[in-house]
Every structure is written in structure tokens, then in C-alpha cells.
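> predicted model and sequence below, questions to follow.
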Amino acid sequence: MNYRYNALDIAAYFKWTSLPPDTEEAYFTFLYSLKETLLARPFTKDFEEFRQTVFREMYHVWARGFENEFSDVNRIAREDALSIFCDREFHALESYMKLLGLHLIFSSRLPYIRIHLIGLTLILGLEGSWEEYRRNLNRAADALGLFITDEKGRALNEMQEVPHGPIRITLMPSFRLLLFGENEDGVRFINDYQEKMQKLREKSHLQKKKLEAHKEKPKERRKRKQR
């Protein structure tokens, strides 16, 4: 991997996943613990400045119309923004691959992501030959520490045409090792936090249902008396 994520990338990911505000702090902490590998150099100096910059970018991507997973990926970057590792015509692919790269880092129990390249072309509004498409996919994979195969395990360079079935995108083993080490302590940290927050949400939802049920009982008693 030779690309370092910036505040816009992270802000777009938070919007794309509709990340609940009560989980943001854990994600910031997790990212910052890997700052020397993942983050652009200016964001490795001060944690609070890094957070505030991401929050500002969250407003900007929202203002451009990128609100959630159903939003147009073309709205993430400004219209005059330059592509970093993809051709200008494939800027949307670059933005989308960054989202997938971050998702694989955060969702470490997910072994790979499956996507259909033909459908992705339509969703992102990409135009060009398969050779151009494949070249830009390779550039994105190299820059983000990703590995792409088809369902049969063939590498991207071995595919002579757009595969009709899904492809698999995963973190390169060497990159995963660089991020988390052999014991994968960072992976456990974010997974434990996600599980904790999920349990709290489930508990809160259950308490809310009990409260609503409790409120309904007096109403039912009043209705019976009125009869």
C-alpha cells in the first residue's frame, strides 16, 4: 500500500455506512492507533485536529449530496478534484475502492467483499474498455493494499473480459499483517467495541418496547371501563 487515507475518505466512509455518532470515537481511536500506516502525514500530529477535520469534511460531503450508501459516489469528491491513482475518467472508481478498503479494515471479520463489476460500471457511470477498467482496478488495489480475484481464484490480470460473476476483494495478507500483527490486537479492539455497542442498542430497544407495552396497559384498562 502506498496511499494514505485523508479526512475526506474517512468522512465519506462514515456517511456511506451511516455510522452512529456514539461509535465514532472508537473508530477515530482505532484509526489513530494505526496512523503511521493508514493516515496522511498531516493528520498524524494531533488527534483532535484530525477529528475536527473529518467532521468538517462530513458536512461538505453531505452538502454535495453524499448522505448514505444509496448516494451517488461521484458526489464524494469536488468536481475539480484530481485523481490520485486512477485515471480521471475513473475517479468514481477510486472513491468507491477507498470505501471498500476502509470497510475491510474496520470489518476485519469479513474475509472478503463480493461485487459484480458489470453492475458497478452502471452504478458509478464508468465508460471505457475492459483493459482500461482492469488497469484502474489494479492501480486501486496496489495503492490500497487490496487483492482481487474471481470466484475461481483467478487474479485480475488473468481475466480477459469483464467477469459475469462476482469478484472478491480482500486485504493483502502482508498488509493485514502490517496493520494488525500476528495477534491482531487491533482487530479484537474494534470488534469488541462493535459487539458492545450492538448489545447496548439491543438492550435499549428491549427497554423501549417494555416501556411502550407498560404505557399501553392503562389505556386498555380505560377502554374496558368505558365499555
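Cool, the structure landed.
> domain map for this structure?
Domains of the chain are assigned by automatic domain parsing as 7-182, 186-227.
> okay, now the unreliable bits of the protein?
Residue ranges of the chain with pLDDT under 70: 1, 183-205, 207-208, 214-227.
> all strands for it, in order.
113-115, 146-150, 167-171 (DSSP state E).
> can those go into CSV with extra columns for mean neighbour count?
Yep, even glycine has a C-beta here, placed from its N, CA and C like the rest. Output for the strands of the chain, formatted as CSV (neighbours: other C-beta atoms under 10 Å):
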stretch, mean neighbour count
strand 113-115, 14
strand 146-150, 19
strand 167-171, 20
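> which parts of this protein are helices?
According to DSSP state H, the chain carries its helices in the segments 7-16, 24-33, 35-38, 47-63, 91-106, 117-124, 130-144, 173-180, 185-226.
> compute the inter-axis angle for the fifth one and helix 7-16.
Computed with axes from the mean of the first three to the mean of the last three C-alpha atoms, to 10 degrees, the direction of helix 91-106 lies at 70 degrees from that of helix 7-16.
> residues in contact with helix 91-106?
Applying C-beta atoms under 8 Å, 6 or more residues apart in numbering, the set of residues contacting helix 91-106 from outside is 5, 9-10, 12-13, 16-17, 27, 30, 38, 73-74, 76-77, 81, 83-86, 110, 112-113, 115, 120, 124-126, 136-137, 140-141, 144-146, 169-171, 179, 190.
> repeat that for 6 Å
Contacts of helix 91-106 with the rest of the structure, by C-beta atoms under 6 Å, 6 or more residues apart in numbering, involve 9, 13, 16, 73-74, 76-77, 83, 86, 113, 124, 136, 140, 144, 146, 169, 171.
> which one of the helices of the chain lies nearest to residue 150?
Distances from residue 150 to each of the helices of the chain were compared using C-beta to C-beta; the minimum, 9.5 Å, belongs to helix 117-124.
> sort out which residues of that closest one are buried, please.
Within helix 117-124, the residues scored as buried using 16 or more other C-beta atoms under 10 Å are 117, 120-121, 124.
> tell me which of the domains of the chain is the most buried.
Comparing these on average neighbours per residue, with mean count of other C-beta atoms under 10 Å, the densest one is domain 7-182 at a mean of 16.
> run the chain-centre distance for that one.
Between the centre of domain 7-182 and the centre of its chain there are 6 Å (C-alpha atoms, centre = their mean, to the nearest Å).
> quick check: end-to-end length of it?
When the termini of domain 7-182 are compared using C-alpha to C-alpha, to the nearest Å, they are 28 Å apart.
> next: stretch 3-22.
28 Å.
> could you shift the numbering so residue one becomes 46, and keep it that way?
All set: I'll call the first residue 46, so the last point we hit is now stretch 48-67.
> residues touching residue 119, list them.
The neighbours of residue 119, taking C-beta under 6 Å, 6+ apart as the test, are residue 137.
> redo that, cut-off 8 Å
Taking C-beta under 8 Å, 6+ apart, one finds 136-137, 140, 169-170 in contact with residue 119.
> which pair in these spans the largest distance?
Between all members of the contacts of residue 119, the longest pairwise span (C-beta to C-beta) is found for 140 and 170 and amounts to 11.9 Å.
> centre-most residue in this structure?
The chain has residue 148 as the residue nearest its centroid, 3.6 Å off, counting by C-alpha atoms, centre = their mean.
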